[in-house]
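Peer 1: Predicted model and sequence below, questions to follow.
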Amino acid sequence: MTEALQRATRAHVAALAAIHAMAFPPHEAWGEDAIALQLAMPGVLGLLHARGGMILIRVTEDEAEVLTLAVAPEARRQGVAGALLAAAMAAARAQAARTMVLEVAIGNAAARALYERAGFVEAGRRPRYYADGGDALILRARLS
């Protein structure tokens with residue numbers, strides 16, 4: 001893990017929630033309680049980027065799931081999301097995960113491009129998944 005990245009703990013909940021609130025519309029942002037609950041779950045790993053990014057993943061058996069990835073607007077297009085995703089994929093691989101899955105909004109071109117560069121491919125679709133009625137793509141990447 002680089003110096004810019006650190007493992008997120010309960011002590012980082014406020015910082016994680018602040019980043020999430022900057023990155024998502026108010027009705028989609030996760031608050032401190034939601035993030036604390038996620039971090040307390042078995043198999044959940046959080047990473048915090050010093051420039052204003054965060055990722056939460058859950059590893060179960062041989063599969064990992066990206067629960068959320070958020071980057072503050074002023075830190076975008078600086079490699080923060082890519083660094084977080086690469087570190088999360090490496091951490092999942094180290095825990096014997098063979099694949100990683102996630103959902104992404106069909107209209108989120110920047111996120112879709114990030115995930116494509118990381119080796120994710122479309123594995124399905126969730127119609128009307130988001131509060132605004134938008135569909136989600138299910139993406140999957142092989143970690144081994």
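Peer 2: Thanks, I have it.

Peer 1: where does this protein dip in pLDDT?
Peer 2: 1-2 (pLDDT under 70).

Peer 1: Okay, helices next: where are they in it?
Peer 2: 13-23, 32-40, 80-94, 109-117 (DSSP state H).

Peer 1: ok, and what's touching stretch 5-16?
Peer 2: Outside stretch 5-16, the residues that touch it by CB atoms under 8 Å, 6 or more residues apart in numbering are 1, 32, 35-36, 39-40, 45-50, 54, 56, 83-84, 87. Heads up, the C-betas are built off the backbone N, CA and C, glycines and all.

Peer 1: I misspoke; the intended subject was stretch 57-66.
Peer 2: Residues outside stretch 57-66 that contact it (CB under 8 Å, 6+ apart): 38, 41, 43-46, 55-56, 67, 85, 88-89, 91-92, 95-102, 143.

Peer 1: of those residues, buried ones?
Peer 2: 38, 44-46, 55-56, 67, 85, 88-89, 91-92, 95, 97, 100, 102, 143 (16 or more other CB atoms under 10 Å).

Peer 1: What subset of the contacts of stretch 5-16 is buried?
Peer 2: Here, 16+ other CB under 10 Å leaves 35, 39, 45-49, 54, 56, 83-84, 87 buried among these.

Peer 1: and the nearest residue to Ala70 once chain neighbours are set aside, how many neighbours?
Peer 2: Of all residues not flanking Ala70 in the chain, Ala23 sits nearest, at 3.7 Å (CB to CB, 6 or more residues apart in numbering). Ala23 has 22 neighbours, counted by other CB atoms under 10 Å.

Peer 1: Tell me who's in contact with Ala23.
Peer 2: Ala23 neighbours (CB under 8 Å, 6+ apart): 29, 70-73.

Peer 1: quick one: it and Leu84, what's the gap?
Peer 2: 12 Å (CB to CB, to the nearest Å).

Peer 1: The residue positioned nearest the centre of the chain pairs with what?
Peer 2: Taking CA atoms, centre = their mean as the criterion, Leu69 is the residue nearest the geometric centre of the chain, at 2.8 Å. Going by DSSP bridges, Leu69 is paired in beta bridges with Ile55.

Peer 1: Mind checking which of the contacts of Ala23 are in strands?
Peer 2: 70-71 (DSSP state E).
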